[in-house]
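Asks: Give me the fold of what follows.
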Amino acid sequence: MTNMMDNDSTQTLLLIAIFALASLLHGISGLGVTLVTTTALASIYPLPHAIVLVIFPSLLLNAMTWLAGGGRTIWQNFIYYGRRYWLLALTSLLGSMLGAKLLLWVDSAYILLVLAAVIGFYVVSSLLGKQIRLPNTKPVLIIVGLSAGIIGGATNAMSTILMMYLLSASDDKHTIAKVGNMCYFLGKIAQIIVLREPIMALSHGEWQLITLLSVLSIAALLVGIRLRRYLPQARFRQLILLILIVLGIRVGWQGITALL
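Replies: Predicted structure coming up:
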């Protein structure tokens, strides 16, 4: 009994450290909180359970980034970006619902391999400093929205696909961040709808843990944002990429060994 309690305490402390570090780094550099936490947790839990634990902290962070600030009220941000990018939001929502379904339909080993591949693409393109831009046309928007949603719903790695379109749709970093987080937020709503049974099956203790991680993530994010002006963002972006390389290799190896 004592060993079980010790294991639970150690695992809780590990989760707190993962979310606090990822949120702090995200506040400093603007990168990585959902991808880092999901990939780290996928090396501890089955992927569907890791996704469920990340949903609510990510939902709150995405909502804050989308709706707060920018010289507009929350309602004005909702109307402004929703009106201009409703089709991208809709397609990413539909794609996310399908992607979340894949968590229930497909062997998680294959999804872990997809996650590792997406991380590899993300890291390599970031290290090379090449930002792939796609044509800003309606057919491309629909394809990107659906594909980004599917990847995001299944692996929480929507940004790797979505950014390729947003970089061509706008030169304003503020708009890119707002629209991206609007789509990420809707992706989390889609996951909640599709994964409602695993979510409802969470224990009281797990809900308490999710609440703690959500509050901690917001606090660490705000601290990171305050530190942003004093610390070199480039170094922290490199640190996140290094963390993702290690985690990506680990989940890729998990996927391979599960198939053998």
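Asks: ok, Ser147 to Ser29 distance?
Replies: For Ser147, the distance to Ser29 equals 26 Å [C-beta to C-beta, to the nearest Å]. C-betas here are computed from N, CA, C, even on glycine.
Asks: Specify which residue of the two has the higher count of neighbours.
Replies: Neighbour totals were compared for Ser147 and Ser29, and Ser29 leads with 22 against 18 (other C-beta atoms under 10 Å).
Asks: That one is in contact with Pro232, isn't it?
Replies: No - Ser29 is beyond contact range of Pro232, at 9.5 Å (criterion: C-beta atoms under 8 Å).
Asks: pLDDT score for Ser58?
Replies: Note on Ser58: pLDDT of 91.
Asks: Tell me, how many residues neighbour it?
Replies: For Ser58, the count of nearby residues is 25 (other C-beta under 10 Å).
Asks: got it, and the one 5 residues further on?
Replies: By the criterion of other C-beta under 10 Å, Ala63 has 16 neighbours.
Asks: Can you verify my assumption that it contacts Phe185?
Replies: Yes - using C-beta under 8 Å, Ala63 is in contact with Phe185, at 5.5 Å.
Asks: Surely Phe109 is in contact with Ala258?
Replies: Actually, residue 109 is Ala. It isn't Phe. Yes - contact criterion C-beta under 8 Å: Ala109 and Ala258 qualify, at 3.6 Å.
Asks: how many other residues sit next to Phe56?
Replies: Using other C-beta under 10 Å, the number of residues around Phe56 comes to 18.
Asks: Quick check: which element contains it?
Replies: Assigned by DSSP states H and E, Phe56 belongs to helix 47-67.
Asks: Go through the helix or strand that comes right after that helix and flag the buried ones.
Replies: Sequence order places helix 74-84 as the next helix or strand after helix 47-67, per DSSP H and E. Using 16 or more other C-beta atoms under 10 Å as the test for burial, helix 74-84 gives 77, 81.
Asks: Return the list of helices and strands in contact with helix 74-84.
Replies: helix 47-67, helix 173-194 (3 or more C-beta pairs under 8 Å, 6 or more residues apart in numbering; DSSP states H and E).
Asks: could I get these as CSV with distance to Thr137?
Replies: Formatted as CSV, these follow (distance: least, C-beta to C-beta, whole Å):
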stretch, distance to Thr137
helix 47-67, 24
helix 173-194, 17
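Asks: Of all the ones you listed, which one is nearest Ser92?
Replies: Nearest to Ser92, of all these, is helix 173-194, at 4.2 Å by C-beta to C-beta.
Asks: buried residues in that closest one?
Replies: Across helix 173-194, burial judged by 16+ other C-beta under 10 Å covers 175-188, 190-191, 194.
Asks: now for the helix or strand just after it, which elements pack on it?
Replies: Proceeding C-terminally, helix 173-194 gives way to helix 196-200 as the next helix or strand, assigned by DSSP H and E. When contacts are defined as 3+ C-beta pairs under 8 Å, 6+ apart, helix 196-200 packs onto helix 47-67.
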